[in-house]
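J.: any chance you can model this:
(one chain, ligands or ions: 1)
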Amino acid sequence: NRLHATIADINFEGILANASGVHCQTKEELAELLASPYVATAVTKSSTKEVRTGNPKPSYYEFEQGSINSMGLPNNGFDYYLDYVSQDHSQKPVILSVASLSMTEGIELLKRVQDSDFQGITEFNLSCPNVVGKPQVAYDFETTHQILTEVFKFFKKPLGVKLPPYFDFAHFDQMADILNQFPLSHINSVNSIGNGLYVDVETEASVIKPKKGFGGLGGAMILPTALANVRAFRERLNPDIKIIGTGGVTSGEEVFAHILCGADLVSVGTELQRQGIGLFEKLQHELLMIMNEKGYQSIDEFKGQLKTM
Ligand SMILES: O=C(O)c1[nH]c(=O)[nH]c(=O)c1I
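T.: Got it, this is the predicted structure:
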């Protein structure tokens with residue numbers, strides 16, 4: 001297969017996935033993703049111990065250049081998703097996303113994953129920007145180091161982390177130094193650009209209700225930030241730590257660019273929300289066309305091979 005990847009000894013046929021949060025709230029949505037021959041894996045909505053309804057609506061808004069969301073971590077509860085991923089989906093791996101409303105809750109949930117029958121990949125979301133009063137954990141390097149130190153005392157299954165975008169080389173360096181201390185299966189980079197603000201000039205108002213209109217940015221406009229983060233971490237991280245590239249994918253071109261920067265899998269959020277599951281066939285077709293034009297048989301021939309001047 002020309003499009004393949006391996007994370008934590010788990011093989012993926014194809015390289016496309018949903019971004020956590022999109023088309024992954026219910027078992028039906030997850031099953032629909034897995035049923036698509038163009039989807040390599042499904043990532044669950046980040047889950048918390050308790051069921052959450054999330055922030056008041058409207059909490060999602062799309063505009064030409066992308067999207068803004070302040071969903072507020074709505075989810076059907078950890079047990080619901082652990083039950084689903086623990087069922088046999090042998091035809092495809094499923095990634096379980098776990099949120100951390102607090103260090104103690106995150107650790108408790110990961111202990112339950114460790115003690116469960118689930119043998120797949122868990123992704124610890126350290127970057128939700130929309131829980132009122134809660135900071136994005138991964139912007140606090142000391143706390144991130146502390147949490148990962150605690151977690152890896154007991155967690156022996158494949159574990160990755162969902163990271164927010166960073167914007168400073170000192171932060172790329174500091175975060176990579178921390179991550180390289182742990183046997184992580186992968187990082188997923190980037191989460192939305194936190195706390196953007198979209199203003200509707202006609203109504204002179206913000207467009208989502210939570211947090212006076214502040215929310216995470218996604219879609220086409222975040223591509224350069226997403227690619228920079230994928231590239232920066234690929235250059236800095238231990239090669240055993242794989243990368244799921246997320247952010248700004250609307251066509252095969254951006255999938256190609258993510259791989260060129262070092263991504264092993266590529267996940268899609270805003271555009272998936274817009275176009276639905278049919279998008280994956282389009283993305284895979286476009287990627288293969290680009291590879292044919294360039295004479296690449298497999299993505300291994302160009303993965304991480306971004307040229308510089
Ligand atoms: O508001 C959300 O539910 C949300 N929204 C995002 O853009 N990223 C996240 O990690 C989460 I947990």
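J.: identify the bridge partners of Ile244.
T.: Asn188, Leu265 (DSSP bridges).
J.: measure it to Leu3 for me?
T.: 14 Å (Cβ to Cβ, to the nearest Å). No exception for glycine: its C-beta is placed from N, CA and C like everyone else's.
J.: and the two? which has more neighbours close in?
T.: Ile244 (29 against 21; other Cβ atoms under 10 Å).
J.: what about that one, distance to His186?
T.: 6 Å.
J.: Glu142 too?
T.: Glu142 is 23 Å from His186, by Cβ to Cβ.
J.: those two: who's more crowded?
T.: His186 (24 against 8).
J.: need phi/psi at that one.
T.: Backbone torsions of His186, given as degrees, to the nearest 10, read phi -170, psi 170.
J.: wait, it touches Ile7, no?
T.: Yes. Using Cβ atoms under 8 Å, His186 is in contact with Ile7, at 5.1 Å.
J.: who touches both of the two?
T.: 121, 160, 242, 244, 264 (Cβ atoms under 8 Å, 6 or more residues apart in numbering).
J.: near the ligand, which residues of the stretch 51-200 of the chain?
T.: 69-73, 99, 125, 127-128, 130, 191-192 (Cβ under 6 Å from any ligand atom).
J.: what about the strands in the stretch 51-200 of the chain?
T.: Using DSSP state E, counting those that start in this stretch, the strands of the stretch 51-200 of the chain run over 60-63, 66-69, 94-99, 121-125, 159-163, 186-189, 193-197, 199-200.
J.: so which of those strands is the most packed in?
T.: strand 186-189 (a mean of 28; mean count of other Cβ atoms under 10 Å).
J.: roughly how far apart are the closest residue to Gly269 other than its chain neighbours and the ligand?
T.: Nearest non-adjacent residue to Gly269, counting by Cβ to Cβ, 6 or more residues apart in numbering: Ala19, 3.2 Å away. To the ligand, Ala19 is 9 Å away according to Cβ to the nearest ligand atom, to the nearest Å.
J.: Ala19: what's it in contact with?
T.: Applying Cβ under 8 Å, 6+ apart to Ala19 gives the contacts 43, 218, 246, 267-269, 272.
J.: now these in JSON lines, with secondary structure, pLDDT and distance to Glu281?
T.: Shown next, in JSON lines, are the contacts of Ala19 (DSSP: H, G, I helix; E, B strand; the rest coil; pLDDT from 0 to 100; distance: Cβ to Cβ, whole Å):
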{"residue": "Val43", "secondary structure": "strand", "pLDDT": "98", "distance to Glu281": "19"}
{"residue": "Gly218", "secondary structure": "strand", "pLDDT": "98", "distance to Glu281": "21"}
{"residue": "Thr246", "secondary structure": "strand", "pLDDT": "99", "distance to Glu281": "19"}
{"residue": "Ser267", "secondary structure": "strand", "pLDDT": "98", "distance to Glu281": "16"}
{"residue": "Val268", "secondary structure": "strand", "pLDDT": "99", "distance to Glu281": "12"}
{"residue": "Gly269", "secondary structure": "coil", "pLDDT": "98", "distance to Glu281": "18"}
{"residue": "Leu272", "secondary structure": "helix", "pLDDT": "98", "distance to Glu281": "12"}
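J.: just curious, which of the residues you listed is nearest to Ala138?
T.: Set against Ala138, the nearest of these by Cβ to Cβ is Thr246 (14.0 Å).
J.: and the spatially closest residue to Gln275 that is not a sequence neighbour, how far from Leu110?
T.: In space, and not counting its chain neighbours, Gln275 is closest to Lys282: 7.7 Å by Cβ to Cβ, 6+ apart. Per Cβ to Cβ, Lys282 is found 36 Å from Leu110.
J.: look at these two and report which has more neighbours.
T.: Taking other Cβ under 10 Å, Lys282 and Leu110 do not tie; Leu110 has more neighbours (22 against 15).
J.: mind listing the helices for the chain?
T.: 27-35, 78-86, 103-114, 141-151, 169-179, 223-236, 252-261, 270-275, 279-294 (DSSP state H).
J.: please identify the most buried of these.
T.: In terms of average neighbour count - mean count of other Cβ under 10 Å - the standout among those is helix 252-261, at a mean of 22.
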